[in-house]
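Undergrad: with the sequence up front, the predicted model follows.
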Amino acid sequence: MDAFWIILTGSLVATCCALLGCFLLLRKMTMVGDAISHAVLPGIVLAYLVTASRASFPMLVGAAIFGVITTILIELLSKKGKLQEDAAIGVSFTWLFSIGVILISVFAGQVDLDQDCVLYGEIAYVPLDTLYIGGNNLGPEPVWLLAINLLIIIVFILIGYKGLVVTSFDPILATSLGISTVFWHYSLMSLVSLTTVFSFESVGAIMVVAFLIGPPAVAYLLTEDLKTMLFLSVIFGIGAALGGYFLAVAIDASIAGAMASVIGVEFIFAFIFNPRNGILKRKKLAA
Amino acid sequence: MELIIDFFFKDPVVRWVLMAVILMCASAAIVGCFTFLRKRALVGDAISHAILPGICLAFIIAQTKNPMVLMLGAFGSGWLGLITIDFITNRTKLKTDAALGLVLSVFYGFGILLLTTIQNSGNASQSGLDKFLFGNAAAMMQSDAITFGLFSLVLIILIFILFNPLKLVTFDRNFAISRGIPVKRLELLLSVLTVFAIAIGIQAVGVVLMAALLITPASAARFWTHDLKWMIFLAAAFAVISGIMGTFISYTLPKMPTGPWIVTILSTIAIISIIFGFKKGILSKVRLRRLNKKKILRENILKCLYHLGEKAGNFDKFWSTWEILEKREMNKAQLKSGLKQLESRNLVILKGNAAKFSELGKEEGRRVTKIHRLWEIYLTKYMKMAPDHVHNDAEAMEHLITPEIEKDLEVHLKFPLIDPHDSPVPYKDLK
């Protein structure tokens, strides 16, 4: 049963991240996603101090606020400060992340959070965190939270599909159509921060990046249609969660690390065998 | 105070560690200036994450924590990460950001996989391998400190020797090629040095925060100077100050992690630089904008006085403020402050509420009016704009046109006498 819950948690994280990651990839903003996943750390720690519990409502608010702060900070440094954008991203997230780590050290006694947890989470403990309502065992709490998060993301994409697509592919057209690029930008970033919070316990704040970037990148190599890409990236994400779990069990290692490694393998395969311009295709053309 | 003296002079191990941290921070900051200027700042982030599996593999193979062996592994996988990034961007349709993110997360994930296997294998000698994640410079052993310090020193000296060609490659690649400088080899060298600096630097601040040691000092220095030599010097100085303070904090409070403190101090310096820096800082830009606004106000008042004088056929008449305001709409307080500025520059003579040109002011008013009209002629003649559309554009341009462009305009337009609104163009010798 534990294996089931762990794989389910991993798959939920993978699905949430894959869906959002596709839009980050198309907007060439994957590194902003990376930055946010690091930078929500102080928000998580502060919320911990206030409520002394994991994945609570204040924690979500704290993390979402820091996610938006990161986005604003990057924007401020690059627009107002005229710092080149890659440097702006690097300066912002390392700063916020180091503040987070310092906060963990300062309140080490009060915060049940350690640095390892931030780095690669501990999905193996997920089944222990059971949710009881009225005495009924409803399964692990993180699974429920992730399911709610996934629901929010799906509703967001369904309702906002047009706005997201237009602002991703053609911001100028979007502006002329009266669609607010700023609104969709910040909505997407808030969802990325939310997902980081929901996922960080199971895969670690940083490993979220692997799921945000990896599956969409693999899918992007294989298709040019956005809907197919969304679908494929979810498949590859869940595939990595499954494969990663069994790999980790086999060699007794971090499950999150194994999942990220499987994503790497998926990418190598997609690169070699992809029908459009994979290596095999090129060889055929050359022959 | 006693604590500070103790920190610097008492413990010889601390002295070595401090020396090493200073050199490590300086070398990372110096290399970082080049990656920053070549717009490859985030590559440093990806490489520092990509180094983790190399360290673990080196440990698994050699079963030792000898820093030289681990460094070799670190360099190897860092280099592989760098090549993979270039390979993905060149051979697939993925953009740089995705290539960076992919390499960063997959290599790092693989590193975590190896690290946890090592930890779970029950090998007692592995303890401390995870210090690479956050770095703990303050806990370095003396022999390690000497090794890393020496490596950093070599790196700094190399850049110092090759400064001129490296500068050329960074700022003007094509010119460097035409001068016969081995650009490809120098770029390769820069990459090697970057990977090296990262492999060394993660000892101090760890994998996750290494990017800051490369990017943040250069970003901060950029706001104080445009000269590469000064930029490198300042970046190194900022990094060294943060390094010393960070080490001091973990020396006095051993629970405190060194890396995050170094980075927090460094970031604070960067934020201060971005706001206050004289070259590109936000405050200096605000000041420039304000100065510019004042200049525009003064020129507008002079032009207005000139128009009034032109109409009356008398440039030496006093005009009251309300007559000026009738001619040109503006804020009364602004007009007063503008007139004060003009008086202090000896451009107008004030008497109560009235103002008149000084000789110098008349000349200046004539010049602004002339440029305005010349620009209107240029727009109608060459840009084929309607005469009733050119005024606003000329209002902006009259403050920007330099004497050289003014001359060019005159020659190009063949000294026209009448502007599109039938006003004469006031030349100096044609009063």
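TA: Happy to help now that I have it.
Undergrad: in chain A, which residue sits nearest chain B?
TA: residue A:260 (2.1 Å; C-beta to the nearest C-beta). C-beta: built from backbone N, CA, C; applies to glycine.
Undergrad: next, count neighbours for that residue.
TA: Around residue A:260 there are 30 other residues, counting by other C-beta atoms under 10 Å in any protein chain shown.
Undergrad: for it, give me its contacts.
TA: Applying C-beta atoms under 8 Å, 6 or more residues apart in numbering or on different chains, one finds that residue A:260 lies in contact with A:207, A:210, A:214, A:240, A:244, B:105-106, B:108-110, B:112-113.
Undergrad: same deal with residue B:372?
TA: The neighbourhood of residue B:372, defined by C-beta under 8 Å, 6+ apart, consists of B:303, B:394-395, B:397-398.
Undergrad: which one among those residues gets closest to chain A?
TA: Checking the contacts of residue B:372 against chain A by C-beta to the nearest C-beta gives residue B:397 as the nearest, at 24.4 Å.
Undergrad: and the furthest pair within the contacts of residue B:372?
TA: The distance between the two most remote of these (C-beta to C-beta) is 12.7 Å, for B:303 and B:397.
Undergrad: who has more neighbours, the two?
TA: residue B:303 (23 against 18).
Undergrad: pLDDT value on that one, please?
TA: Residue B:303 is assigned 87 on the pLDDT scale.
Undergrad: same deal with residue B:320?
TA: At residue B:320, the predicted lDDT confidence score is 84.
Undergrad: tell me what it is bridged to.
TA: On the basis of DSSP bridges, residue B:320 is bridged to residue B:354.
Undergrad: what's the spacing between it and residue B:281?
TA: Counting by C-beta to C-beta, to the nearest Å, the gap between residue B:320 and residue B:281 amounts to 42 Å.
Undergrad: these two: which is more packed in?
TA: Between residue B:320 and residue B:281, counted using other C-beta under 10 Å, the more crowded position is residue B:281 (20 against 13).
Undergrad: residues contacting the nearest residue to the more buried one once chain neighbours are set aside?
TA: Closest residue to residue B:281 in three dimensions, ignoring its sequence neighbours and counting by C-beta to C-beta, 6 or more residues apart in numbering or on different chains: residue B:223, at 4.9 Å. Remark: with contacts taken as C-beta under 8 Å, 6+ apart, residue B:223 is in contact with A:81, B:273-274, B:276-281.
Undergrad: picking that back up, next, format the contacts of residue B:372 as a markdown table and append secondary structure and distance to residue A:71.
TA: Written out in a markdown table, the entries for the contacts of residue B:372 read as follows (DSSP: H, G, I helix; E, B strand; the rest coil; distance: C-beta to C-beta, whole Å):
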| residue | secondary structure | distance to residue A:71 |
| --- | --- | --- |
| B:303 | helix | 45 |
| B:394 | helix | 41 |
| B:395 | helix | 38 |
| B:397 | helix | 37 |
| B:398 | coil | 40 |
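Undergrad: just those residues now: which is nearest residue B:291?
TA: residue B:398 (17.2 Å).
Undergrad: I'd say the closest one and residue B:364 touch.
TA: No - contact criterion C-beta atoms under 8 Å: residue B:398 and residue B:364 do not qualify, at 11.7 Å.
Undergrad: give me the common contacts of the two.
TA: residue B:299.
Undergrad: where does the stretch 301-431 of chain B have low pLDDT?
TA: Filtered on pLDDT under 70, the stretch 301-431 of chain B yields the residue ranges B:429-431.
Undergrad: strands along that one, start to end?
TA: With DSSP state E, counting those that start in this stretch as the definition, the stretch 301-431 of chain B shows strands at residue ranges B:319-320, B:348-351, B:354-357.
Undergrad: residue contacts, the residue in the stretch 1-150 of chain B that chain A sits nearest to?
TA: Ranking the residues of the stretch 1-150 of chain B by distance to chain A (C-beta to the nearest C-beta) places residue B:109 first, at 2.1 Å. If a contact means C-beta under 8 Å, 6+ apart, then residue B:109 has A:207, A:210, A:256-261, A:263-264 as its contacts.
Undergrad: redo that, cut-off 7 Å
TA: A:207, A:210, A:256-257, A:259-261 (C-beta atoms under 7 Å, 6 or more residues apart in numbering or on different chains).
Undergrad: please list the residues of the stretch 151-300 of chain B that sit near chain A.
TA: For the stretch 151-300 of chain B, the contact set with chain A under C-beta under 7 Å from any C-beta of the partner chain comprises B:208-209, B:211-212, B:215-216, B:219, B:255-257, B:260-261, B:263-264, B:267, B:270, B:274, B:280, B:282.
Undergrad: which of these are buried?
TA: The neighbour-count test (16 or more other C-beta atoms under 10 Å in any protein chain shown) applied to these identifies B:208-209, B:211-212, B:215-216, B:219, B:256-257, B:260-261, B:263-264, B:267, B:270, B:274, B:280, B:282 as buried.
Undergrad: from these, which land in helices?
TA: Counting by DSSP state H, the members of those that fall within helices are B:208-209, B:211-212, B:215-216, B:219, B:260-261, B:263-264, B:267, B:270, B:274, B:282.
Undergrad: relative to residue B:79, which of these is nearest.
TA: Proximity of those to residue B:79 (C-beta to C-beta) peaks at residue B:211, which lies at 17.3 Å.
Undergrad: next secondary structure after the host helix or strand of residue A:191?
TA: Under DSSP states H and E, the secondary-structure element containing residue A:191 is helix A:181-203. Sequence-wise, the next helix or strand downstream of helix A:181-203 (DSSP H and E) is helix A:208-222.
Undergrad: now find how far off-centre that following helix is within its chain.
TA: Average the C-alpha atoms of helix A:208-222, do the same for its chain, and the two points are 10 Å apart (C-alpha atoms, centre = their mean, to the nearest Å).
Undergrad: that one near chain B anywhere?
TA: Yes - contact check for helix A:208-222 against chain B, using C-beta under 7 Å from any C-beta: residues in range are A:209-210, A:213-214, A:217, A:220-221.
Undergrad: by contact count, what packs against that helix?
TA: Applying 3 or more C-beta pairs under 7 Å, 6 or more residues apart in numbering or on different chains; DSSP states H and E, one finds that helix A:208-222 makes contact with helix A:2-26, helix A:30-39, helix A:181-203, helix A:226-251, helix A:255-273, helix B:96-120.
Undergrad: mean confidence for it?
TA: 90.
Undergrad: then stretch B:258-270?
TA: Taken as a whole, stretch B:258-270 has an average pLDDT of 89.
Undergrad: related to what we said a few turns ago, from the contacts of residue A:260, which has minimum pLDDT?
TA: Looking at pLDDT alone, those dip lowest at residue A:207, where the score is 72.
Undergrad: state the pLDDT value of the nearest residue to that residue once chain neighbours are set aside.
TA: Nearest-residue entry for residue A:207: residue A:256, 4.4 Å, with adjacent residues in sequence omitted and distances by C-beta to C-beta, 6+ apart. The pLDDT attached to residue A:256 in the predicted structure is 84.
Undergrad: can you tell me how far the spatially most central residue of chain B is from residue B:120?
TA: For chain B, the residue nearest the mean C-alpha position is residue B:222 (3.5 Å; C-alpha atoms, centre = their mean). When C-beta to C-beta is the yardstick, residue B:222 and residue B:120 sit 45 Å from each other.
Undergrad: pull the number of nearby residues for residue A:232.
TA: Neighbour count for residue A:232, taken as other C-beta under 10 Å: 22.
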